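Chemist: generate coordinates for the sequence data below:
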Amino acid sequence: MVAGHQINPLRDPYDWYPTDPGWTNVLMRHCTLPLLIHEPCAGDGAISDVLINAGHTVVSTDIKPRRPQIQMADALSLGRLDCVVTNPPYGSLGKLVPHWLNTTNLLCLLVRLNFVEAKSRIAWTSQASKVIVVAGRMKVFGKTSQFPHAWVVWDKSNRKCTELIVDSV
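Modeler: Sure, this is the predicted structure:
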């Protein structure tokens, strides 16, 4: 075992980890989201449900939908989108982030906090409008995550410096 990385033969091959509703509420406290939002890694719809309950229209897709209301689609096959809010599969960030940065006006990703500090991602993270660190650890499948998380927000209409926010569920 390497620090912070466990080999788990039961790990979901699509890197699906449902998002606690409180985590999406943290994002909404600090970002004005448009009426129409795309959730391209919707899984079971956890993020979508919170956004819909807040009055947004959400187009929910996933490569492996876990509810009938979620359409099947590969996130890389989606064209230009105004707003994406998602908890993406970490193993696919290297493909997804550059795609979305080129095709999306407002991008909100829930990622491990170490995403922000990686030298290999500085070209992406230096463009972020906000980094919203969520104090505490997310519970997934009844267990507490080993990793701290943050919402990283890229807003093409706000290209000033990156705002750092720390909040909790």
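Chemist: what's the mean pLDDT across the lengthiest strand in the chain?
Modeler: Counting by DSSP state E, the longest strand found in the chain is strand 104-112. Mean pLDDT, strand 104-112: 96.
Chemist: in it, which residues are buried?
Modeler: Within strand 104-112, the residues that qualify as buried are 104, 106, 107, 108, 109, 110, 111, 112, counting by 16 or more other CB atoms under 10 Å. C-betas here are computed from N, CA, C, even on glycine.
Chemist: and stretch 60-80, by the same measure?
Modeler: Of all the residues in stretch 60-80, those buried under the rule 16+ other CB under 10 Å are 60, 61, 62, 63, 65, 70, 73, 75, 78.
Chemist: do you know the pLDDT at the closest residue to the fourth one other than its chain neighbours?
Modeler: This points to residue 63. Counting by CB to CB, 6 or more residues apart in numbering, residue 63 lies nearest to residue 74, which is 5.2 Å off, once chain neighbours are set aside. Listed pLDDT for residue 74 reads 94.
Chemist: quick check: residue 74 vs residue 47, distance?
Modeler: Residue 74 sits at a distance of 18 Å from residue 47 (criterion: CB to CB, to the nearest Å).
Chemist: do residue 121 as well
Modeler: In terms of CB to CB, residue 121 sits 22 Å off from residue 47.
Chemist: who's more crowded, those two?
Modeler: The neighbour count for residue 121 versus residue 47, taken as other CB atoms under 10 Å, is higher for residue 47 (27 against 17).
Chemist: so that one makes contact with residue 38?
Modeler: No: counting by CB atoms under 8 Å, residue 47 does not reach residue 38; the two are 10.9 Å apart.
Chemist: find residues that contact each of these two.
Modeler: Applying CB atoms under 8 Å, 6 or more residues apart in numbering, one finds that residue 47 and residue 38 are jointly contacted by residue 85.
Chemist: isn't residue 154 right next to residue 103, touching?
Modeler: No: using CB under 8 Å, residue 154 is not in contact with residue 103; the gap is 11.6 Å.
Chemist: ok, these two, which is more surrounded?
Modeler: More neighbours surround residue 154 than the other of residue 154 and residue 103, with 23 against 14 (other CB under 10 Å).
Chemist: tell me the secondary structure at the more buried one.
Modeler: Under DSSP: H, G, I helix; E, B strand; the rest coil, residue 154 falls in the strand class.
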